[in-house]
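Participant: I'd like to go over a predicted model; first the sequence, then the structure.
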Amino acid sequence: MNDFTLDQKSSVGFNKEANAIAKVQRKTGTSIAKGSILERLIDFAFSIPDFRRTNMGNIRHQLGDIVMLMILARMSRCVRRADIIEFGRHNLGKLQSLGLLNNGVPSEPILCRVESGIDELGFSGQMAVFSNAFHNEIAKACSSMEIICIDGKAMCGTVQDNGRNPDIVSAYSPSTGITLATEACKEKSNEIKAVPVLIDNIDIAGILVTADAMSMQKEIIDKIREKDGYFLIELKANQRALRYGVEDRIRYAAPLFTYIEDPELGHGRIEQRTYNVYDGLELIADKDRWGSNLTVVEFVSNTTNKSTGTETAETRLYVSNLPVDTPWIGKAVRNHWSIESMHWGLDTNLLQDSIKRKSTKAARNLDTIHRIVYSLFSIWKGRRKKLSGKAKGLAELMRYVSMSFTRLLHFLSQK
């Protein structure tokens, strides 16, 4: 574990009413590297609107201090509030050298009130500003069209009055590993209503948006077109007439473009993938509803089990407005699963599903903290030039930074 030094790159700072970094350096004289992840993270933490009555004179801990404590502790694999407090006490001197927690470590009730009190919309909005600044910096290195995956995740540790878990829909960039924005589904609603709001909050001009079958809705497609974006959405039986109509017509239609990927060996299987692209106007009956410039992508997967020789075939259908001869559409189909991998990482490495929160607001704020933590590790990898650095997994990096506060500080201080 010796290769943990970031390559030097320029970066873009945040615009804030008060520069938290300058305040830290005036108090302590500690030099924080200009443009480092740590500098911009502190800037983010102190940009969150304080929900408390700060003019009453009884505020012991600054909100930015508490947010920084929660983020740094969760990066070091602390899950419970008691673990976060112990982390703060153990590293109090080093935290104070950064100008944080000058009045000591907050208590568990304070952490609870902060999680439940922070305005969840303002918190997630500041996360989007923080994430997009890094995303724009890292995504410049991508040569192909950028892809944004949209999907929802249930907060299994929280149960609403109607007995359901709150759902949070997120926009995720697989090329950078950063969550760009999130939107919570209302208690009596679902992803169909949340996705258009989420799309409104991100820039998708010239970008491909991928989503599962639930997003195959006219309102969502119109919203993507309105913002000059592209879409690739799976077609299933939730759009019964559309799905079965395409299935009936595709048997007699000739594809306009076909390409076959090389066989891939993995997990004891040999998989051959074929992509057939059809003119959507020939296959979709209700053209007036879904609009023009549509293509239908037929994905056929033939799999052979190496040990038994058993062969299986699977066919999936997608609707898109990409050009018919797009050669990397298979990559886009497969990249959508990266958002599921991100959700798996939140549950496995940050134990999100095992953390119980009584209110939906607290669950949303917890989700925002977790996505920031996940993004911080992705940002570190995205700034690397060496493939060995980019290949490091989230669990490996978390183990490294959790060994000591010095390692964590060094990790965040890289530029």
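Facilitator: Arrived safely. Because the structure is a prediction, the values reported are computed rather than measured.
Participant: Can I take it that D151 is in a helix?
Facilitator: No: the assignment for D151, made by DSSP: H, G, I helix; E, B strand; the rest coil, is strand rather than a helix.
Participant: Strands of the protein, residue ranges please.
Facilitator: In the chain, the strands defined using DSSP state E lie at 147-154, 167-173, 178-184, 208-211, 230-235, 257-260, 264-266, 269-279, 295-305, 311-320.
Participant: what helices or strands is the second one leaning on?
Facilitator: In this case it means strand 167-173. For strand 167-173, the elements it packs on are strand 147-154, strand 178-184, helix 191-200, helix 337-348, helix 360-382, judged by 3 or more Cβ pairs under 8 Å, 6 or more residues apart in numbering; DSSP states H and E. All C-beta spots, glycine's among them, are computed from the backbone N, C-alpha and C.
Participant: Include distance to Q272 when you put these into CSV, please.
Facilitator: CSV is the format used below for those (distance: least, Cβ to Cβ, whole Å):
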stretch, distance to Q272
strand 147-154, 23
strand 178-184, 33
helix 191-200, 33
helix 337-348, 18
helix 360-382, 31
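Participant: Out of the ones you listed, which is the most enclosed?
Facilitator: Of all the helices and strands packed on strand 167-173, strand 178-184 carries the top mean neighbour count, a mean of 25, counting by mean count of other Cβ atoms under 10 Å.
Participant: Surely E187 and T360 touch.
Facilitator: Yes: taking contacts as Cβ atoms under 8 Å, E187 lies within contact range of T360: 7.3 Å.
Participant: intersection of neighbour lists for those two?
Facilitator: Taking Cβ atoms under 8 Å, 6 or more residues apart in numbering as the contact rule, E187 and T360 both touch Q160, P166.
Participant: And stretch 382-397, what's buried?
Facilitator: G382, R383, R384, G389, K392, L394, L397 (16 or more other Cβ atoms under 10 Å).
Participant: Tell me how many other residues surround R40.
Facilitator: 21 (other Cβ atoms under 10 Å).
Participant: Mind pulling up the pLDDT for the residue lying closest to D212 once chain neighbours are set aside?
Facilitator: Distances taken as Cβ to Cβ, 6 or more residues apart in numbering place E234 nearest to D212, at 5.6 Å, with adjacent residues excluded. What the model reports for E234 is a pLDDT of 94.
Participant: For T368, give its distance to A184.
Facilitator: 10 Å (Cβ to Cβ, to the nearest Å).
Participant: Give me the common contacts of the two.
Facilitator: By Cβ under 8 Å, 6+ apart, the residues touching both T368 and A184 are E120.
Participant: just to revisit the earlier point, so which two of the buried residues of stretch 382-397 are the farthest from each other?
Facilitator: The span of the buried residues of stretch 382-397, defined through Cβ to Cβ, is set by R383 and L394 at 15.6 Å.
Participant: check contacts around F134.
Facilitator: Neighbour list for F134: S11, R40, T176, I178, S375, I379, G382 [criterion: Cβ under 8 Å, 6+ apart].
Participant: and the residue lying closest to R52 once chain neighbours are set aside, how many neighbours does it have?
Facilitator: The shortest distance from R52 to any non-neighbouring residue, by Cβ to Cβ, 6+ apart, is to I59 (6.0 Å). Burial measure for I59: 13 neighbouring residues, criterion other Cβ under 10 Å.
Participant: what's the answer for the one 5 residues further on, then?
Facilitator: G64 is flanked by 21 other residues according to other Cβ under 10 Å.
Participant: what about it, distance to D353?
Facilitator: Counting by Cβ to Cβ, the separation of G64 from D353 is 28 Å.
Participant: before we move on, what about L283?
Facilitator: Taking Cβ to Cβ, one finds L283 at 40 Å from D353.
Participant: what's near enough to touch the spatially most central residue of the chain?
Facilitator: For the chain, the residue nearest the mean C-alpha position is T179 (2.6 Å; Cα atoms, centre = their mean). When contacts are counted by Cβ under 8 Å, 6+ apart, T179 touches M127, S131, S170, A171, Y172, S173, M342, R371, Y374, S375.
Participant: Just put those residues in TSV and tack on distance to I84.
Facilitator: Converted to TSV, the contacts of T179 look like this (distance: Cβ to Cβ, whole Å):
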residue	distance to I84
M127	19
S131	22
S170	24
A171	28
Y172	26
S173	28
M342	23
R371	17
Y374	17
S375	19
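Participant: Using TSV, please lay out the residues you listed together with pLDDT.
Facilitator: Below are these laid out as TSV (pLDDT from 0 to 100):
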residue	pLDDT
M127	96
S131	94
S170	96
A171	96
Y172	96
S173	95
M342	95
R371	96
Y374	96
S375	96
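Participant: where in this structure is pLDDT low?
Facilitator: In the predicted model, the chain carries pLDDT under 70 at residues 1-31, 57, 141-144, 188.
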